[in-house]
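J.: got a sequence here, can you build the structure:
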Amino acid sequence: MDIAIVAGASSGLGAAFLEAIVARYRNLDEIWIIARREQRLRALAERYDNPNTRIRVVPLGLTKTDAHGELAALLRESRPDIRVLINNAGYEREGLLRDMKPADIRTMIDLNVTAMTMVNRICLPYMSSGSFEVITGSVSSFAPIPWQAVYAASKAYVRFLARALHEEERTRGVNVMLFSPGNMDTEMNVRGAASGKLARLPYLDLHRETGKVLAKAERGCAEYTPLAFYKLYRVFAKLAPSALAVCVDSFETGGAGGESTR
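T.: Just a heads-up that it's a prediction; the model follows:
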């Protein structure tokens, strides 16, 4: 059974990936959509389910250790061939570290770092030659970012892990690609809700970019950062001393920013 898995599918980028997968891969037997918000997943399943491709709702909160065991058990039972894996679950909060709620800090680390890693560990054994994974990182991973310290640090972990997995898995024909988006008009970063420097950065077209991401992952690309502005920022962050980069990146917000779990 050939399947795709979208983790963090309930809204925003994850939902856009689901739409692109349904349109692009008509030979899949099932598409599994994973997130904690079951009602949203079921609404998506009703929208995209069709006689050729079944949408399977998997309501799991990936910050919970039990959820990792449940996902592993589902895969052991079904023994699918995972052709496409979108490892997209994430959480963001902005603000001074000293003012942040401990629960928000833990959730960013649990979802962006631990859950992303465990989804890889659970799913990669079910992928084979020609399969590919997209891991959602962030341009925030390119350099330390004050007022976004934990989120940027968590995405730096994602960047390093994704590049290492690309090398580990390429010998057996499985591509792992890091997708590093900038501003997106989603629940996590609603257009107009950001403040300071962040609000002036360009926004991505989700529907256009998800198609590009899938095409690049198919071709074996290791990393994709969309838009010329963010590509230039990646080069700047690589070449500039960290003391300079952290000053350029510093943006003060009026308080904690919007939140999202995908």
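
J.: flag the shaky bits of this protein, pLDDT-wise.
T.: For the chain, the stretches flagged by pLDDT under 70 are 185-200, 233, 236, 239-262.

J.: what about the strands in it?
T.: Under the criterion DSSP state E, the chain carries strands at the ranges 2-7, 30-35, 54-59, 81-87, 132-136, 175-179, 183-184, 203-204, 223-224.

J.: can I get those strands in TSV with distance to residue 234?
T.: Where you see a C-beta, it was placed from the backbone N, CA and C, and this is true even at glycine. Below are the strands of the chain laid out as TSV (distance: least, Cβ to Cβ, whole Å):
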stretch	distance to residue 234
strand 2-7	25
strand 30-35	29
strand 54-59	33
strand 81-87	20
strand 132-136	16
strand 175-179	11
strand 183-184	15
strand 203-204	15
strand 223-224	9
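
J.: okay, those in CSV with distance to residue 97 and mean neighbour count next?
T.: Output for those, formatted as CSV (distance: least, Cβ to Cβ, whole Å; neighbours: other Cβ atoms under 10 Å):
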stretch, distance to residue 97, mean neighbour count
strand 2-7, 27, 25
strand 30-35, 27, 24
strand 54-59, 32, 18
strand 81-87, 26, 23
strand 132-136, 23, 25
strand 175-179, 25, 25
strand 183-184, 22, 20
strand 203-204, 26, 18
strand 223-224, 28, 18
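
J.: out of the ones you listed, nearest to residue 146?
T.: Across these, residue 146 has its closest neighbour in strand 183-184 (17.7 Å, Cβ to Cβ).

J.: and that closest one, how far from the chain's centre?
T.: 13 Å (Cα atoms, centre = their mean, to the nearest Å).

J.: with stretch 120-138 instead?
T.: Chain-centre distance of stretch 120-138: 12 Å, with Cα atoms, centre = their mean.

J.: mind exporting the C-alpha coordinates of it to PDB?
T.: Backbone C-alpha positions of stretch 120-138 (Å, rounded to 0.1, in the frame of the first residue of the first chain) are rendered in PDB as follows:
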ATOM      1  CA  ASN A 120      11.600  10.500  11.300                       C
ATOM      2  CA  ARG A 121      12.600   7.500  13.400                       C
ATOM      3  CA  ILE A 122       9.100   6.000  13.100                       C
ATOM      4  CA  CYS A 123       8.500   6.600   9.400                       C
ATOM      5  CA  LEU A 124      11.900   6.300   7.700                       C
ATOM      6  CA  PRO A 125      12.000   2.500   8.000                       C
ATOM      7  CA  TYR A 126       8.800   2.400   5.800                       C
ATOM      8  CA  MET A 127      10.300   4.500   3.100                       C
ATOM      9  CA  SER A 128      12.100   3.000   0.100                       C
ATOM     10  CA  SER A 129      13.900   4.000  -3.100                       C
ATOM     11  CA  GLY A 130      12.000   6.900  -4.800                       C
ATOM     12  CA  SER A 131      10.300   8.000  -1.500                       C
ATOM     13  CA  PHE A 132      11.000  11.500  -0.200                       C
ATOM     14  CA  GLU A 133      10.500  13.500   2.900                       C
ATOM     15  CA  VAL A 134      10.000  17.300   3.300                       C
ATOM     16  CA  ILE A 135      11.000  18.600   6.700                       C
ATOM     17  CA  THR A 136       9.700  22.100   7.500                       C
ATOM     18  CA  GLY A 137      12.400  24.300   8.900                       C
ATOM     19  CA  SER A 138      12.500  28.100   8.900                       C
END
